[in-house]
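Peer 1: I would like to see how this sequence folds:
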Amino acid sequence: MAFAAADPAVSTFTLPNGLQGVVIEDHRAPVVTSMVWYKVGAADDPAGRTGLAHFLEHMMFKATDTLADGEFSAVIAANGGDENAFTTADFTAYYQNISADRLDLVLGMEADRMVNLDPGEQGALSERDVVLEERRTRIDNTPEGPFMERRNAALYVNSPYGRPTIGWRSEIGKITLASAMAFYKDHYAPNNAVLVVGGDVTPDQVKALAEKHFGPIPASDRIAPRDRPQEPPPLGARRIEHGDPRVTLPVMTRAYLAPARRAGDQKQAAALAMLAKLIGKGTTSVMSRELELGPDAICVDTGAYYQDVSLDPGSFTLHMALKPGVDPEAAEARLDALIADFIAKGPDPADLERARRQVDAWEVYERDDTEDRANEFGEALTSGLTIDDVEAWPDALRAVTPAEVQAAAKLVFDPEASVTGWLLPARPVKGEVAIQ
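Peer 2: Model prediction:
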């Protein structure tokens, strides 16, 4: 169990049972961020049983063999800490921010709920009602929720990324204690987890505590390879319209299928990430200058987002929120012309140099925030990347050339691999959702 280090402040170790540990030293204040990441997310939900990964996140705050229902959170609060959890398509993570001298306590409770969860039938049923209410509030009762669910379902015709993380309402309602506990036993184990601790600690301290609390837990032979359905070659552009009377201005999102970062080879992903910065990040981006701030401005907001960290191929998304009175068809034509011009000419070298300076600033701020740094490592290590990939990412971004950005634009802006969605102030004439 020798330590390895890239950044002098970052160390790693692996226990014999497979638990991977990452330690980020930061001795400026006597506090720590402790995170346990599991390599299971909503895309690992069994077909027809969406919502299990997210439901189990809720259940992990219930009773164990040694802790009462809600006691985990009560203990953290009583010791001056805060905690929460989150689920995505690729991982589930649990974290605490607390005094450094309470890390022993925290890791003991995390190890306990890794293997000793015992919520009981009533605990499972009550939490299922909580999740159903969460879905109603955050998804069903908002204009954006159903729209984005339908857009994602249209983009990913085979990949489980097309399913909602929280799950479909009809399938959440069928979750039982037995199905949740079976999912728990299939995925929660030290050899499917990453422990990330950042703050006023040393690698030796964290390793010793990990050995004390997680070391006795045996590796599970139920952890299966994450072989998930993949997208077939796209067959054509798709369109969605979703109307809601609560929408005040038309909003367009266009999502393209896009490759993610690959372990040991991040060059293509770095070019896509810089493309997102250049075309749609901030007021100096091409979309902002041409569509928001120019003399012929038609938008109140624009943007671009590249999903660079994901276990399977993800997406590259553009969005526009139109000014009052702007015709959606004309606005879309403007965006298409902007994309065509960018592909033909490539980026302005001055813009790319500005984006490189933004990377410099981001790297400084990222390293200054221990919690952000812990999130970066946890997300990467549960999505197929390595410590070396995380450390090399800023340099990979800075090394991107104008030609590589232009090539990335030609690759990703493929209409055949896209879904254009309009969220409109009124319902379409032929129903709530129209897919072409």
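
Peer 1: name the helices or strands packed onto the helix or strand hosting Glu329?
Peer 2: Applying DSSP states H and E as the criterion places Glu329 in helix 328-345. Helices and strands touching helix 328-345, by 3 or more C-beta pairs under 8 Å, 6 or more residues apart in numbering; DSSP states H and E, are strand 251-258, helix 286-287, strand 314-322, helix 402-412, strand 418-424. To be clear about C-beta, it is placed using only N, CA and C from the backbone, and glycine gets the same treatment.

Peer 1: if we go to 6 Å?
Peer 2: helix 402-412 (3 or more C-beta pairs under 6 Å, 6 or more residues apart in numbering; DSSP states H and E).

Peer 1: check which residues of the helix it packs on are buried.
Peer 2: Buried residues in helix 402-412, counted by 16 or more other C-beta atoms under 10 Å: Pro402, Glu404, Val405, Gln406, Ala407, Ala408, Ala409, Leu411, Val412.

Peer 1: the most centrally placed residue in the chain and Asp26, how far apart?
Peer 2: Closest residue to the average C-alpha location of the chain: Thr88 at 5.3 Å, with C-alpha atoms, centre = their mean. With distances taken as C-beta to C-beta, to the nearest Å, Thr88 is found 25 Å from Asp26.

Peer 1: same question for His242.
Peer 2: In terms of C-beta to C-beta, His242 sits 45 Å off from Asp26.

Peer 1: likewise for Asp118?
Peer 2: Per C-beta to C-beta, Asp118 is found 36 Å from Asp26.

Peer 1: cool, and Gln358?
Peer 2: In this view, Gln358 and Asp26 are 24 Å apart by C-beta to C-beta.

Peer 1: between these two, tell me which one has more neighbours.
Peer 2: Legend: neighbour count by other C-beta atoms under 10 Å for Gln358 and Asp26, higher for Asp26 (20 against 16).

Peer 1: not counting sequence-adjacent ones, nearest residue to that one?
Peer 2: Excluding its sequence neighbours, the residue lying closest to Asp26 (C-beta to C-beta, 6 or more residues apart in numbering) is Thr370, at 4.6 Å.

Peer 1: which ones are touching that neighbour?
Peer 2: Ile24, Asp26, Thr33, Gly198, Gly199 (C-beta atoms under 6 Å, 6 or more residues apart in numbering).

Peer 1: assign the first one to helix, strand or coil.
Peer 2: When you say that, I think you mean Ile24. Three-state call for Ile24 (DSSP: H, G, I helix; E, B strand; the rest coil): strand.

Peer 1: give me the number of residues near the nearest residue to it once chain neighbours are set aside?
Peer 2: Nearest residue to Ile24, sequence neighbours excluded (C-beta to C-beta, 6+ apart): Gly198, at 3.6 Å. Counted by other C-beta under 10 Å, the residues lying close to Gly198 total 27.

Peer 1: so Gly198 sits in a helix?
Peer 2: No. Using three-state DSSP, the assignment for Gly198 is strand, not a helix.

Peer 1: my read: it touches Ala374, true?
Peer 2: Yes. Judged on C-beta atoms under 6 Å, Gly198 makes contact with Ala374 at a distance of 4.3 Å.

Peer 1: shared neighbours of those two, anything?
Peer 2: Thr33.

Peer 1: residues touching the longest helix seen in the chain, excluding its own?
Peer 2: Assignment by DSSP state H gives helix 349-368 as the longest helix of the chain. Helix 349-368 has contacts (C-beta under 6 Å, 6+ apart) with Met274, Lys277, Leu278, Asp372, Pro394, Leu397, Arg398, Pro402.

Peer 1: what helix or strand is the fourth one located in?
Peer 2: This points to Asp372. Asp372 is part of helix 370-381, with elements assigned from DSSP H and E.

Peer 1: one more: the fifth one?
Peer 2: In this structure, Pro394 sits in helix 387-398 according to DSSP H and E.

Peer 1: so how far is that helix off the chain centroid?
Peer 2: In terms of C-alpha atoms, centre = their mean, to the nearest Å, the gap separating the centre of helix 387-398 from the centre of its chain is 18 Å.

Peer 1: so for the helix holding Glu329, what gets flagged as buried?
Peer 2: Ala331, Glu332, Arg334, Leu335, Leu338, Ile339, Phe342, Ile343.

Peer 1: quick one, what contacts the nearest residue to Met59 once chain neighbours are set aside?
Peer 2: Among residues not flanking Met59 along the chain, Pro119 sits closest, at 5.3 Å (C-beta to C-beta, 6+ apart). Each residue near Pro119 by C-beta under 6 Å, 6+ apart is listed here: Met59, Lys62, Ala63.

Peer 1: right, I'll call it a day here.
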